[in-house]
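The following block contains a protein sequence and its predicted model.
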Amino acid sequence: MRCLACLFVAGCILPETTHKPDCGSEYCGSGSVCDRTDPAGPTCIPADGDLDGDGIPNAQDFCNHAPGGATDEDGDGIGDDCDPCPIAPPPQFPDPDGDAVDSPCDPDPHTPGDQILFFDGFANGLNPAWKPTTASAWTIEGGEMVVSLAGAPNADFLQIGVTAKMNLAVEAAYRIDRVETGATDHFVVVGGSDPRPAGVATMQCGLEHNDTTASDLVTLTTNLSNAQAPAQQAFSTASLYEVGAYNTGNSVGCTALGDGQAIGVVQAQVSPDSLTSIAIGARAVTARYAWVLVVGRD
């Protein structure tokens with residue numbers, strides 16, 4: 001996973017290599033496992049123990065020094081609950097600004113203060129905090145969130161609340177199973193809004209396909225303006241797509257990747273409000289979301 005925001009935020013440098021921490025030059029012996037979350041560095045611990053007392057045996061616990069740790073989305077040996085970047089292994093220089101969010105997840109890795117506000121890899125079923133427009137359209141299958149909109153002409157969304165931050169990044173990865181025939185306009189998007197009674201700020205960023213013009217676009221709509229740009233092969237069933245919306249002050253950047261390569265970047269103006277409701281959404285497709293990540297900074 002490349003840093004989506006690096007294509008939008010000036011000064012972000014993509015890490016050239018990544019590495020998976022190990023327990024030294026030798027594997028842990030029989031009855032032991034490697035604890036990759038020890039602050040002092042990877043070390044071997046008894047497989048049948050429970051170092052942090054959370055009820056998950058060390059051999060199944062990817063966060064041996066904090067509660068949780070049953071899932072590891074990126075397979076780097078560090079659990080989603082304690083991973084400074086749950087969507088990618090640690091890079092060679094993981095945290096240039098020292099804010100405990102590794103650079104692949106950090107929208108601006110040279111400005112401290114970012115926090116992972118929310119992450120869902122869908123390994124534990126549907127988080128009840130998610131609120132769907134149509135409950136039957138959203139299901140968990142094989143550790144992925146599947147939205148199926150066959151025959152449905154309207155868009156459908158899944159929303160969840162997050163801590164209020166003035167700077168907010170919403171990112172998601174997904175695959176397209178089918179482009180449905182329920183409508184001629186198809187899209188997959190991420191977004192955010194200020195749901196307060198007096199709130200006005202909204203953003204919606206993603207990829208769109210129109211059957212009439214046979215065109216693919218990366219699109220960004222806010223409460224103040226919108227922007228779009230051509231995108232190449234944005235609805236291929238063979239590709240992994242990643243989209244991200246990055247709100248900083250009164251500006252939002254929207255970036256889309258296909259199989260790790262940039263396929264579109266646009267920018268638009270938005271009211272400078274704190275966005276506390278985030279969403280993923282789709283129209284006239286069947287898509288599989290691998291994960292959703294929200295990072296924020298005051």
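Structure received. Just so it is clear, the model here is predicted, and its values are computed rather than measured.

Local confidence estimate at Gln92?
Confidence at Gln92, expressed as pLDDT, is 83.

swap in Ala198?
We note a pLDDT of 89 for Ala198 in this prediction.

Over to the one 5 residues further on?
Each residue has a pLDDT score; the one for Met203 is 97.

Direction included, what does whichever strand or helix holds it pair up with?
Taking DSSP states H and E as the criterion, the element that holds Met203 is strand 202-210. For strand 202-210, sheet partners with direction are given as strand 185-193 (antiparallel), strand 215-222 (antiparallel), following DSSP bridges.

for those, which one ends up most surrounded?
Each of the strands paired with strand 202-210 was given a mean neighbour count from mean count of other C-beta atoms under 10 Å, and the largest, a mean of 24, is that of strand 185-193. (Each C-beta comes from the backbone N, C-alpha and C, glycine too.)

which residues touch that strand?
The set of residues that contact strand 185-193 without belonging to it, under C-beta atoms under 8 Å, 6 or more residues apart in numbering, is 155, 168, 170-172, 174, 176, 179-180, 199, 201-211, 219, 235, 241, 243-245, 247, 275, 277-285, 287, 292.

Can you flag which of the residues you listed belong to strands?
Counting by DSSP state E, the part of the contacts of strand 185-193 found in strands is 168, 170-172, 174, 176, 179, 202-210, 219, 241, 243-245, 247, 277-283, 285, 287, 292.

Please convert the buried members of those residues into ChimeraX selection syntax.
To isolate the buried ones among these in ChimeraX, judged by 16 or more other C-beta atoms under 10 Å, type:
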select :168,170,171,172,174,176,202,203,204,205,206,207,208,209,219,241,243,244,245,247,277,278,279,280,281,282,283,285,287,292
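
what's the burial count for Gln232?
Per other C-beta atoms under 10 Å, the neighbour tally for Gln232 reads 12.

Now the phi/psi pair for Ala227, please.
Main-chain dihedrals, Ala227, degrees, to the nearest 10: phi -150, psi 160.

Next one: it, what pLDDT does it get?
97.

where does the nearest residue to it once chain neighbours are set aside sit relative to Ala59, distance-wise?
With C-beta to C-beta, 6 or more residues apart in numbering as the measure, Val266 is the residue that lies nearest to Ala227, at 4.0 Å, once sequence neighbours are left out. Using C-beta to C-beta, to the nearest Å, Val266 is found at 46 Å from Ala59.

So these two - more neighbours on which side?
Taking other C-beta under 10 Å, Val266 and Ala59 do not tie; Val266 has more neighbours (20 against 14).
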